[in-house]
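Q: got a structure for you, letters missing:
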């Protein structure tokens, strides 16, 4: 049955994680309001996919989070907000730091203000990043056969917890980190029901991976095209990859438990059991395709962490979060999907916002 508590607003809802969450919400009967500028190549296809699956349960609004008036209209009647809209690439932030700041920091502030203006409390769940912890230069690592690993045994066994010092690196880290803190402070200072999920490396269905963002899908796409993958650094960097359906569960749990978790941040990733180096992931893709994957090398990137694994014990205790899909199983599914994917050109263009009485949605 359709939810009667008002639509769920998903900013960046045509993006990778946003569209997967929107799909789940629509399947559960919610009306989902997709607020997206469609600025990233391929996301229009995700919006088409959502509308094709769910019809009028999907309300698209093509607009930018820097547009205060558009956000005010989109927020009307919303029962919850999942805020994914962002500039997502470290490299882009270095090339265009003002744009990065305006979208990530000011855009998030606009979302918070719009939520605060509502007559009833609207929960806001914010998509943050492990980049708020910087390059983890304070973590001494050793290089072993499976990639980098912290020298401290407890850290290696459990991962980085939420008490680890914040250390913003690169404009992207600064803009997302500042937004992260603004969300938490709105809960503390103004009583807004809000929580933050600091994500590690998420991959899975509908991901439009590029060299700058979404590296797991990018690796798979390059391998399928039999083109070389550029490895920045030595390739022994370790990440705890997490399949997107698992992260969707975490977002839903944060919403459903918002009275208890408001004002808190949670590290969300695959955890130690799903930690693998870039070279290990590349080797696994090659094994799935039955051939060696080509690669070339380049210098380390700014702010790159040699090792990051999320300590998910707080999320487990408060949200019931537990990764269900092992990284090998998940990547095998991604290879199957991308191997059979034949995307069609998106039909959507930027839309002029109309007055609410005439309908603001496409």
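A: Yes, it's here. Note that this is a predicted model, so its numbers are computed, not measured. Numbering: from 1, shown residues only.
Q: Please, where are all the helices along the stretch 101-250 of the chain?
A: Ranges of helices within the stretch 101-250 of the chain are 107-116, 153-158, 170-190, 215-224, 244-256, based on DSSP state H, counting those that start in this stretch.
Q: Let's have those in TSV, adding distance to residue 230 and mean pLDDT.
A: The way it works is simple: take the backbone N, C-alpha and C, and place the C-beta from them, glycine included. Formatted as TSV, those follow (distance: least, C-beta to C-beta, whole Å; pLDDT from 0 to 100):
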stretch	distance to residue 230	mean pLDDT
helix 107-116	30	98
helix 153-158	28	96
helix 170-190	19	97
helix 215-224	9	95
helix 244-256	24	98
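Q: okay if I get the ones you listed as CSV plus mean neighbour count and distance to residue 39?
A: Output for those, formatted as CSV (neighbours: other C-beta atoms under 10 Å; distance: least, C-beta to C-beta, whole Å):
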stretch, mean neighbour count, distance to residue 39
helix 107-116, 22, 12
helix 153-158, 14, 37
helix 170-190, 21, 15
helix 215-224, 22, 18
helix 244-256, 21, 20
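Q: any chance of the ones you listed in CSV, with distance to residue 338 too?
A: Formatted as CSV, those follow (distance: least, C-beta to C-beta, whole Å):
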stretch, distance to residue 338
helix 107-116, 30
helix 153-158, 32
helix 170-190, 26
helix 215-224, 5
helix 244-256, 13
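Q: mind checking which of those helices is nearest residue 323?
A: With respect to residue 323, and counting by C-beta to C-beta, the nearest of the helices of the stretch 101-250 of the chain is helix 244-256 at 4.9 Å.
Q: Please work out which residues outside the helix or strand immediately after that closest one in the chain touch it.
A: Using DSSP states H and E, the next helix or strand after helix 244-256 towards the C-terminus is helix 258-261. Helix 258-261 is contacted by residues 123, 125, 193-195, 254, 318-319 when judged by C-beta atoms under 8 Å, 6 or more residues apart in numbering.
Q: Would you mark the buried spots in the helix or strand hosting residue 282?
A: In this structure, residue 282 sits in helix 278-289 according to DSSP H and E. By 16 or more other C-beta atoms under 10 Å, the buried positions in helix 278-289 come out as 278-282, 284-286, 288.
Q: How far away from the center of its chain is it?
A: Remark: helix 278-289 is offset 23 Å from the chain centroid, using C-alpha atoms, centre = their mean, to the nearest Å.
Q: same question, stretch 56-65
A: 18 Å.
Q: Below-threshold pLDDT in this protein: ranges please.
A: Under the criterion pLDDT under 70, the flagged ranges of the chain are 1-4, 342-362.
Q: let's go with 80 and repeat that
A: By pLDDT under 80, the low-scoring segments of the chain are 1-5, 212, 341-362.
Q: quick one, what contacts residue 255?
A: 80, 82, 123, 125.
Q: Could you check how far the first one is from residue 261?
A: If you measure residue 80 against residue 261 using C-beta to C-beta, to the nearest Å, the figure is 13 Å.
Q: residues in contact with the nearest residue to residue 337 once chain neighbours are set aside?
A: Nearest residue to residue 337 in three dimensions, chain neighbours excluded: residue 205, at 5.8 Å (C-beta to C-beta, 6 or more residues apart in numbering). Counting by C-beta under 8 Å, 6+ apart, residue 205 makes contact with 20, 244-245, 333-334, 337.
Q: list the contacts for residue 229?
A: Residue 229 touches 218-219, 222-223, 282, 293-296, counting by C-beta under 8 Å, 6+ apart.
Q: rerun that using 6 Å as the cut-off
A: Counting by C-beta atoms under 6 Å, 6 or more residues apart in numbering, residue 229 touches 219, 222, 295.
Q: ok, and the closest non-adjacent residue to residue 175?
A: Setting aside the residues directly before and after it, residue 175 is nearest to residue 104 in space (C-beta to C-beta, 6+ apart), at 3.6 Å.
Q: Tell me which residues touch that neighbour, please.
A: 86-87, 175-176, 179.
Q: Nearest to residue 13 among those?
A: Closest to residue 13, out of all of those and judged by C-beta to C-beta, is residue 86, at 12.2 Å.
Q: count of residues packed around that closest one?
A: Residue 86 has 24 neighbours, counted by other C-beta atoms under 10 Å.
Q: residue contacts, it?
A: Contacts for residue 86 were tallied using C-beta under 6 Å, 6+ apart; they are residue 104.
Q: Tell me the spacing between it and residue 36.
A: Residue 86 is 11 Å from residue 36, by C-beta to C-beta.
Q: Repeat that for residue 151.
A: From residue 151 across to residue 36, the span is 43 Å (C-beta to C-beta).
Q: between the two, who's got more neighbours?
A: Applying other C-beta under 10 Å to residue 151 and residue 36 shows that residue 36 carries more neighbours, namely 28 against 10.
Q: Identify the residue spatially nearest to the more buried one, adjacent ones excluded.
A: Once flanking residues are discounted, residue 36 sits nearest to residue 14: 4.1 Å by C-beta to C-beta, 6+ apart.
Q: ok, now residue 257?
A: residue 319 (6.1 Å).
Q: and what of residue 316?
A: Distance criterion C-beta to C-beta, 6+ apart; nearest residue to residue 316, sequence neighbours excluded, is residue 322 at 5.9 Å.
Q: ok, that neighbour - how many residues close by?
A: 12.
Q: Against residue 162, how distant is it?
A: Taking C-beta to C-beta, one finds residue 322 at 17 Å from residue 162.
Q: again, but for residue 116
A: For residue 116, the distance to residue 162 - C-beta to C-beta - is 25 Å.
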